[in-house]
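*Asks:* Sharing a model that was predicted from the sequence below.
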Amino acid sequence: MNHTPTFATLLADEIRTSVLFNLAQDLGVPSNKLFADGVGCISLHTLLARDVTASLIEPEKDITANLITKEDCVFVGKEWVEQTFKAVSQDVAIDWHVKDGDKCTSGDLIATFSGNARAILIAERTAMNFAQTLSATATTVAYFVNLMGESKTRLLDTRKTLPGMRYGQKYAVTLGGGVNHRVGLYDRFLIKENHIMACGSIAAAVDKAKSLNQDILVEVEVESLDELTQAINAGVDIVMLDNFDIAQIEAAVALNNGAVKLEVSGNVDETTLAQLAQTNVDFISSGAITKHVKAVDLSLRVQL
């Protein structure tokens, strides 16, 4: 029986732990001393005093601040922002003007924050770090998907994600129009060259996979048309064509003739994507959409 938590559960845990960890870094305290089960282990008064610059502001002063985007983007990060501010103070009110997955134009108002000035300024950078990175991921994916045009091919992510943001980035990928590949090492067999060599053959590796778990997909990475034939005959679900050129991909599509799903991997960037999509493979996977992202420019401005 599979006891792996759902993606939603894993994502919620990642948000909670990453918010606390990153806030603790900013405040110079151990993350396990910051909060336990949502209850502060350090008093709010002590916590607010950790920001030496914010301590210049009167403790009871309230402000209103606007979060805006300074460039076009697909916004993602609402839950991260909310949890960051709530971790610092339950009394900061957030009025959202967009939701995750919305396409925003430079200058658009994302959210308005009202409450204690020190709390807002403490939470500001941690919250924006999450939002700018997740929005960058979704924005990059949307850009890549647009380059693929009307092709039936779907864009896949990989495990080449930023440390500590695996589930968040995969969530952002879906909001940008992409599709999640395997989330980790536990939810799909991905049989590569070294697995094949250790098992003796593609057929032996696939047979062993099916005997161990019939409930998850079996994918095999191949480096030639001969290996593709072996994988098809072994009854895999998906074949990854590793570093095939366009002519080889077209030959693989013809040979496969719809028998299994085909995924293209390797040398995928904005200059090759459109041509790869025209080969009618089922999937193109790219690590660039999660590891080569450029943070979206967001700004928090206090209203005077």
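*Replies:* All right, it came through fine.
*Asks:* And the pLDDT for the residue positioned nearest the centre of the chain?
*Replies:* In the chain, the C-alpha nearest the mean C-alpha coordinate belongs to Gln169, at 0.9 Å (Cα atoms, centre = their mean). Here the pLDDT value assigned to Gln169 is 98.
*Asks:* how close does it get to Gln25?
*Replies:* Counting by Cβ to Cβ, to the nearest Å, the gap from Gln169 to Gln25 is 20 Å. Placement of C-beta: from N, CA and C, glycine included.
*Asks:* what do you get for Ala65?
*Replies:* Distance from Ala65 to Gln25, by Cβ to Cβ: 22 Å.
*Asks:* ok, those two, which is more surrounded?
*Replies:* More crowded of Ala65 and Gln25, by other Cβ atoms under 10 Å: Ala65, with 18 against 12.
*Asks:* State whether that one is indeed within a helix.
*Replies:* No - using DSSP: H, G, I helix; E, B strand; the rest coil, the assignment for Ala65 is strand, not a helix.
*Asks:* Could you give the bridge partners of it?
*Replies:* For Ala65, the beta-bridge partners under DSSP bridges are Phe113, Val302.
*Asks:* Go ahead and confirm it touches Thr112.
*Replies:* Yes - using Cβ atoms under 8 Å, Ala65 is in contact with Thr112, at 7.2 Å.
*Asks:* which non-adjacent residue is nearest Ile284?
*Replies:* Leaving aside its sequence neighbours, Ile284 sits nearest to Val264 (Cβ to Cβ, 6 or more residues apart in numbering; 4.9 Å).
*Asks:* Leu262 should be in a helix, yeah?
*Replies:* No - going by three-state DSSP, the assignment for Leu262 is strand, not a helix.
*Asks:* Please, where are all the helices along the stretch 101-250 of the chain?
*Replies:* 117-147, 166-175, 193-199, 202-212, 225-234, 246-256 (DSSP state H, counting those that start in this stretch).
*Asks:* per-residue confidence averaged over the longest one?
*Replies:* Confidence for helix 117-147, expressed as mean pLDDT, is 97.
*Asks:* got it, and the last one?
*Replies:* Averaged across helix 246-256, pLDDT comes to 97.
*Asks:* Pull the distance from it to the chain's centre.
*Replies:* 30 Å (Cα atoms, centre = their mean, to the nearest Å).
*Asks:* That one: which residues count as buried?
*Replies:* Within helix 246-256, the residues that count as buried by 16 or more other Cβ atoms under 10 Å are 248-249, 252-253, 256.
*Asks:* what's it packed up against?
*Replies:* helix 225-234, strand 238-242, strand 261-265, helix 273-277 (3 or more Cβ pairs under 8 Å, 6 or more residues apart in numbering; DSSP states H and E).
*Asks:* Looking at these, spot the one closest to Arg125.
*Replies:* Proximity to Arg125 (Cβ to Cβ) singles out helix 273-277 among the helices and strands packed on helix 246-256, at 33.7 Å.
*Asks:* Which residues outside the closest one are in contact with it?
*Replies:* By Cβ atoms under 8 Å, 6 or more residues apart in numbering, the residues outside helix 273-277 that reach it are 144, 147-149, 151, 153, 246, 249, 264, 268, 284, 286.
*Asks:* Apply 7 Å and report the result again.
*Replies:* Contact with helix 273-277 is made by 144, 147-149, 151, 153, 246, 264, 268, 284, as judged by Cβ atoms under 7 Å, 6 or more residues apart in numbering.
*Asks:* Same question for stretch 204-218.
*Replies:* 2, 187-189, 191, 195-196, 199, 220, 234-238.
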